[in-house]
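Trainee: structure, please.
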Amino acid sequence: MITNSAIQNQQVRPAADKNQSLVLTPLQDLGGFLFHHLGRLLLFLITCSSVLLVLLIFFFVIRQAIPFLTKFSLTEFLTTKSWYPEAAPAKFGALSLIVGSLYVTIAALVFAVPTGILAAIFLSDIVSLKVRDFIKPVIEILAAIPSVAYGFFAVLVLAPWMQNKLGFSTGTNALNASIILSIMALPTIISVAEDSISAVGRELREASYGLGATRFETIFKVVTPAAHSGIIAAVVLGMMRAIGETMVVWMASGNANQIPSPWWDLSQSVRTMTATIAGDMGETPKDSPHYWSLFAIGVVLLVMTFLLNIISEYFLASAKKKAGKS
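Mentor: Numbering: from 1, shown residues only. Next up is the predicted model:
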């Protein structure tokens, strides 16, 4: 029992470190009001600046491409594969460039998606939390490696190996670029897919086990379908990472203006939109048809990545909505 003397001997501590009146003066009230709204305005301007920068990029690229779109046929540009901008007469058929970009991107996803999803399942449902906290940062470090380092590895290591061991006529081909792009897309796919699978929740897993399902059935028939929105978003984000890459495809794809025939032959060289822009822009006279055509390719690339971004945001929003309900 606490005696009265003990209560009296206790030191009475103030509720706050500083003695401040609960009633503010008009000047203090006005200062707090201005500080609150100025802070909100500053954060609003910082947020809008990113949107404004994106709109300015779209405006700049489209404005530079308008002279080409007004003087040359858009249908011919998108449906023919003869890309000879310096010939007489010049030919601006970008179909082979578009197909080349999609070709190496889809091939990279064929390698990266199964590996990335299985790795995400491994990190979320199989290994311990301690091992996961060690492995996941190591995987994410792959995203910090410069693309030019990947390009040097593709040209100096992977390309000679393909020529010597696989018998390819050239080591700089679609397969080389696809393998490197798949490695570069893995951190994005694994990170987003693992977050989505982990967000499914423990309750769903325990309910599956309670009904007699095995661990394999729980992972692949319950957890993975429940996280499909986040997994699709991870795949789309990985595709954006691959289709927008420049340095690797410029160094490793061979830069041959052709559509592979047969289509499944990855040993053939291809040329992508990003590699064409990077390779031609520095040597092209300004305000020439060739110069404008590169910006037209940039518009096509911007439209493709913008649509992929909208798709990924849709599936990410769906995944967050389901995670919030659970």
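
Trainee: got the contact list for stretch 102-121?
Mentor: Contacts to stretch 102-121, defined as Cβ atoms under 8 Å, 6 or more residues apart in numbering, come from residues 139, 174-175, 177-179, 181-183, 185-186, 189-190, 193-194, 196-197, 219, 223-224, 231, 234-235, 238-239, 242-243, 249, 253, 260, 266, 270, 272. Every residue, glycine included, has its C-beta placed from N, CA and C.

Trainee: please flag which of these sit within strands.
Mentor: Of these, none are assigned to strands by DSSP state E.

Trainee: next step: the residues you listed restricted to helices.
Mentor: Counted as lying in helices by DSSP state H, out of the contacts of stretch 102-121, are 139, 174-175, 177-179, 181-183, 185-186, 189-190, 193-194, 196-197, 224, 231, 234-235, 238-239, 242-243, 249.

Trainee: pLDDT below threshold where in the protein?
Mentor: Applying pLDDT under 70 to the chain flags residues 1-24, 319, 322-326.

Trainee: can you give me the end-to-end span of stretch 279-295?
Mentor: Stretch 279-295 has an end-to-end distance of 13 Å (Cα to Cα, to the nearest Å).

Trainee: buried ones in it?
Mentor: The neighbour-count check on stretch 279-295 (16 or more other Cβ atoms under 10 Å) flags 280, 284, 289-295 as buried.

Trainee: for stretch 38-46, same thing?
Mentor: Applying 16+ other Cβ under 10 Å to stretch 38-46 flags no residue as buried.

Trainee: residue 100 reaches residue 253, doesn't it?
Mentor: Yes. Proximity of residue 100 to residue 253 meets the contact threshold set by Cβ atoms under 8 Å, at 7.2 Å.

Trainee: mutual contacts of these two, please.
Mentor: 174, 270-272.

Trainee: now which of these would you call buried?
Mentor: Buried, going by 16+ other Cβ under 10 Å: 174, 270-272, out of the shared contacts of residue 100 and residue 253.

Trainee: name the next helix or strand downstream of the helix or strand residue 30 falls within, please.
Mentor: Element membership for residue 30, per DSSP states H and E: helix 26-71. Following helix 26-71 in sequence order, the next helix or strand is helix 74-79 (DSSP H and E).

Trainee: alright, that wraps it up for me.
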